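Undergrad: got a predicted structure here, sequence first:
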Amino acid sequence: MHKIGEASFVGDQNPHMAAFISLKCDMLVVEELNAIVPEAIKHFPTKKETLLGMLDTLSQRLKKGEFV
Amino acid sequence: MQAKNEVEAKGMKQGYLGLDEKTIVGKMLLDEIRYHVFPKRFTTFIRNMSLVYLVALFENYLGKVLQIAMENEPKILMTSQKSITIEELLKLNDIEDARKQIIEKEIAAIINEDLDKVAKYFEDKFNLKLAEVSDWSQFKERFYRRNIIVHNSGYPNKLYRQKTGYRGKDRKMDVSETYLQYSIKLFGKWAMGISMHFTQKFICKNPQEKTS
């Protein structure tokens, strides 16, 4: 909280540094997002099964020669 | 027993026994997706898009810095080739609106340029020699990699090779965890340097403009 207040003060005094602080905050979000990606994948199976189901159906239709 | 030997000899999975070749290929492909490609693809997608977003953020940052400088020191616009049409002028309320529109056009034109031209602009207008910074080539490479990810499925094209000096194979250039972390660090360092340069040039020189 203290750091946020400090950064905000610097930003109020200096718009060029405010632009930097704003960029830095957005980049922190990107960094955090990537840190949780391995965990996020664990919650993905439902959608993965849906996709695999679609691929299975497509594969069956290909085998029947539907697209030839 | 014979089937078991066949499996061991050919390295095939039991589930593939008795199937024709086309079906085996199809199943192997699905297995590949199931066990390897799909989770990796998801991570790669997030990292690739993170780089695309980082470059967009940095371009937005550069635009913001230019806007602040131009608003504080309108003479920067003196050599601008940008103009507004009579139609646009009639829609505006006052000269301040006209100035804002010129600034907007000027910034859009600069930021959409090739990075080498952006660097030239910063050198000519603000005496900020970006291309002389030691890690300029690494910084620049991030922008051209973003371009090949968006426009060329991640494969190096002629422009990428020309601008980055890459002479390697035509392999897909995804964004690794290390590459992304370094990019974030690099962009932060560059933004800090640019903001400090503009602070010294405009804020320290004209302290009364601090809150303008």
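TA: Received it, and whenever you're ready, just let me know what you need.

Undergrad: dump the residue contacts of residue B:52.
TA: Residues near residue B:52 by Cβ atoms under 8 Å, 6 or more residues apart in numbering or on different chains: B:146, B:149-150. C-beta here means a position set from N, CA and C on the backbone, and glycine is covered the same way.

Undergrad: pull the helix or strand with minimum mean pLDDT from chain B.
TA: Taking mean pLDDT, DSSP states H and E as the measure, chain B has helix B:2-10 as its least confident helix or strand, at a mean of 51.

Undergrad: and which of the contacts of residue B:52 is nearest to residue B:122?
TA: residue B:146 (19.3 Å; Cβ to Cβ).

Undergrad: how far off centre is the helix or strand following the least confident helix or strand of chain B?
TA: Tracing the chain past helix B:2-10, the next element assigned as helix or strand by DSSP states H and E is helix B:21-32. For helix B:21-32, the distance from its own C-alpha centre to the chain's C-alpha centre is 37 Å (Cα atoms, centre = their mean, to the nearest Å).

Undergrad: try stretch B:166-178
TA: Using Cα atoms, centre = their mean, the distance between the centre of stretch B:166-178 and that of its chain works out at 15 Å.

Undergrad: look up how far chain A lies from the residue positioned nearest the centre of chain B.
TA: Centre of chain B computed as the mean C-alpha position; nearest residue by Cα atoms, centre = their mean is residue B:55, 3.1 Å away. The spacing between residue B:55 and chain A, counted by Cβ to the nearest Cβ, to the nearest Å, is 11 Å.

Undergrad: element containing that residue?
TA: Using DSSP H and E, the element containing residue B:55 is helix B:38-72.

Undergrad: equivalent analysis for residue B:105, please.
TA: helix B:95-111.

Undergrad: how about the residues of chain B by chain A?
TA: Contact residues, chain B versus chain A (Cβ under 8 Å from any Cβ of the partner chain): B:22-23, B:26, B:30, B:33-34, B:38-39, B:42-43, B:46-47, B:50, B:53-54, B:57-58, B:60-61, B:64-65, B:68-69, B:177, B:180-181, B:184, B:187-188, B:191-192, B:194-195, B:198-199, B:202-203, B:210-211.

Undergrad: change it to 6 Å
TA: With the criterion set to Cβ under 6 Å from any Cβ of the partner chain, chain B comes near chain A through B:26, B:39, B:42-43, B:46, B:50, B:57, B:61, B:64-65, B:68, B:184, B:188, B:191-192, B:195, B:198-199, B:203, B:210.

Undergrad: and residue B:172, helix, strand or coil?
TA: Here residue B:172 is coil, with the state taken from DSSP: H, G, I helix; E, B strand; the rest coil.

Undergrad: great, nothing more from me.
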